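Peer 1: Attaching a predicted model along with its sequence, questions to come.
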Amino acid sequence: MTLQTSPSIGIRSGVKGTVGVEVRELGDRTAILARSASTYRSGALARSDGESLAEAASIARDMRLPLVMDLASSGADVLEGIDALHGWGGAARAVASCSGAVPVVAIASGPVISGPALLLGLADFAVMSPSAVAFVSGPSMVREFTGVEVGLEELGGVGPHSLTSGLCALEDSDPEVVAGELLGFLPRHADEEPPMLDTTDSGGRLVPELRSLVPSRDASSYDVLKVLSLIVDDGVLLELRHRWAPQVVTAFGRVDRRPVGIVANQPQVLAGTLDIPASQKAARFVRFCDSFNLPILTFVDTPGFLPGKDLEWRGMIRHGAELAFAYAESSVPRICVIMRKAFGGAYIVMDSKGMGNDLCLAWPGAEVAVMGASGAVQILNRKIGDNERAAAEQSYSDRYLNPWRAAERGFVDAVVDPAETRSVIAHALGALHAKRETLGGRKHEVGPL
């Protein structure tokens, strides 16, 4: 996808400052673009610049168009003092008002420092160029308050924001092009359906490769991205935050021309277990998809939550609940596919039937249970010897580690041939296209954070 060169419409073009606002095409989507210029006073934001950002957000919300902010700023203008801070505060409030109404994409094309950096966090997705850095408190402040020496890149470069903080959803040397590609999967606003895209890839296409791609041995691994690329149209996936919490994959794709949001466990990393970052990553993505009418496909292969004292102390309960809450609140079409392991609480929060999905599929080799055979036997038969233990584990596996008991109880709607997965999903998405839910009146949910 390439950046279009169609004419743009300037807004507040006569106002002097670092921020310019225009209506323009990004890819094949019309958007409100607000760009700060770091070449003028290092991009320092004066009150008028904050007002320009606020105006861009207000116009995006009122015109029902995506908001894209291209930021490169040294922070609030020190010479203006409190006026500059007030302007930034108004911008932050206006951007927040766009949340859930229109897609908000923030681009870090250079240094984004202090208050303006928080605008990256207010966006639905942040795209960073390789030269970008973003932080609230710079190296000098870190050194003064903690005594630790740290460089710009180490503190706030693409690396730490991709690997550790989770701020960076996409990284590219031409971030506006990537932003346009991202918007191509999304509706212009929350009251619109996502855009369909013509393709010659038939929704009924069988995928026989899936029969052998997932190993039958529990200890064997595979790349779930290969599974997903075989299921989506033309093998096209746009993975988000691929370096942060990589044991769970979040991506956009299309099935039978329909844009979908995909959440999948990645067995190649920590066996697909869920921890705090993975739960946060998946929950935020599910909530975004629900806000903008994208059906959610969930592909499950997880042995459970990652155990650990440190995780529990840092709030595994609260953050694991975020994922459960996100799925429970979602009203878009939701299809779950259990590929292999689905154990315990992780099975529940990965959009199980109990969480309210519309269709739950399982492959014949799937294991849907409270836990694996080894853990179950340790609890049920603690004092047996090694030979008896092996027999007990085999007996437990034969009896419980299959999809049939769940199917008999209605917790799995159908056990399907893996080769037919794409065809079944495509048919189900067509049937669920008209799904609508009316939610009870309330100011807003609280939920775990």
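Peer 2: Cool, got the structure.
Peer 1: Would you confirm that P103 contacts R64?
Peer 2: No - P103 is not in contact with R64 according to CB atoms under 8 Å; the separation is 10.7 Å. No exception for glycine: its C-beta is placed from N, CA and C like everyone else's.
Peer 1: In the stretch 251-400 of the chain, where is pLDDT below threshold?
Peer 2: 371-383, 385-398 (pLDDT under 70).
Peer 1: For it, which segments count as strands?
Peer 2: Assignment of strands within the stretch 251-400 of the chain using DSSP state E, counting those that start in this stretch yields the ranges 258-265, 296-302, 334-343, 359-362, 367-369.
Peer 1: send the alpha carbons of the longest one over as CSV?
Peer 2: Listed next in CSV are the C-alpha coordinates belonging to strand 334-343 (Å, rounded to 0.1, in the frame of the first residue of the first chain):
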residue,chain,number,x,y,z
ARG,A,334,-16.7,-14.1,18.2
ILE,A,335,-15.4,-17.4,17.0
CYS,A,336,-13.0,-19.6,19.1
VAL,A,337,-10.8,-22.4,17.6
ILE,A,338,-9.2,-24.8,20.1
MET,A,339,-6.2,-26.2,18.2
ARG,A,340,-4.5,-28.2,20.9
LYS,A,341,-4.2,-27.5,24.7
ALA,A,342,-6.9,-25.5,26.5
PHE,A,343,-6.4,-25.9,30.2
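Peer 1: list the helices and strands it packs on?
Peer 2: Packing partners of strand 334-343 (3 or more CB pairs under 8 Å, 6 or more residues apart in numbering; DSSP states H and E): strand 296-302, strand 359-362, strand 367-369, helix 421-431.
Peer 1: which one of the ones you listed lies closest to P187?
Peer 2: Distance to P187, taken as CB to CB, is lowest for strand 296-302 among those, at 15.0 Å.
Peer 1: Please identify the pairing partners of that closest one and their relative orientation?
Peer 2: Using DSSP bridges, the strands paired with strand 296-302 are strand 258-265 (parallel), strand 334-343 (parallel).
Peer 1: and the shortest one, how far out from the chain's middle?
Peer 2: Think strand 258-265. Centre-to-centre, strand 258-265 and its host chain are 9 Å apart (CA atoms, centre = their mean, to the nearest Å).
Peer 1: Phi first, then psi, for G166.
Peer 2: Main-chain dihedrals, G166, degrees, to the nearest 10: phi 80, psi 10.
Peer 1: you'd agree it is up against K281?
Peer 2: Yes - if you go by CB under 8 Å, G166 and K281 touch, sitting 6.4 Å apart.
Peer 1: Of those two, which one has the most company?
Peer 2: The neighbour comparison of G166 against K281 (other CB atoms under 10 Å) goes to K281, with 25 against 17.
Peer 1: How about the more buried one: what's its closest non-neighbour residue?
Peer 2: Spatial nearest neighbour of K281, chain neighbours left out: A245 (4.6 Å); criterion: CB to CB, 6 or more residues apart in numbering.
Peer 1: so who does that neighbour touch?
Peer 2: Counting by CB atoms under 8 Å, 6 or more residues apart in numbering, A245 touches 166, 275, 277-278, 280-281.
Peer 1: hmm, which two among those are most spread apart?
Peer 2: Largest separation among the contacts of A245 by CB to CB: G166 and D275, giving 12.4 Å.
Peer 1: distance between stretch 26-40 and the chain's centre?
Peer 2: Worked out by CA atoms, centre = their mean, stretch 26-40 lies 23 Å from the chain centre.
Peer 1: Now do the same for D233: its pLDDT.
Peer 2: Looking at D233, its pLDDT stands at 97.
Peer 1: my guess is it meets D201, correct?
Peer 2: Yes - D233 is in contact with D201 according to CB under 8 Å; the separation is 4.5 Å.
Peer 1: quick one: which of these two has more around it?
Peer 2: Counted by other CB under 10 Å, D233 and D201 do not tie: D233 has more neighbours, with 24 against 16.
Peer 1: What distance do you get for the residue nearest to the spatial centre of the chain to A431?
Peer 2: For the chain, the residue sitting closest to the mean C-alpha position, by CA atoms, centre = their mean, is F285 at 3.2 Å. Distance from F285 to A431, counting by CB to CB, to the nearest Å: 24 Å.
Peer 1: Can you pull the domain assignment for the chain?
Peer 2: Listed by automatic domain parsing, the domain ranges of the chain are 9-183, 210-366+402-431.
Peer 1: will you turn those into CSV that also has distance to P195?
Peer 2: Shown next, in CSV, are the domains of the chain (distance: least, CB to CB, whole Å):
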stretch, distance to P195
domain 9-183, 8
domain 210-366+402-431, 7
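Peer 1: For L197, which of those domains is the nearest?
Peer 2: Nearest to L197 among those is domain 210-366+402-431 (5.6 Å), distances taken as CB to CB.
Peer 1: what's stretch 85-101 in contact with?
Peer 2: Under the contact criterion CB under 8 Å, 6+ apart, stretch 85-101 has outside partners 45-51, 53-58, 60-61, 64, 67, 69, 76, 104, 115-116, 118-119, 122-124, 189-190, 291.
Peer 1: Which ones among these map onto strands?
Peer 2: Among the contacts of stretch 85-101, the residues falling in strands (DSSP state E) are 67, 69, 104.
Peer 1: Helices of the stretch 1-150 of the chain, start to end?
Peer 2: 47-63, 82-98, 115-122, 139-146 (DSSP state H, counting those that start in this stretch).
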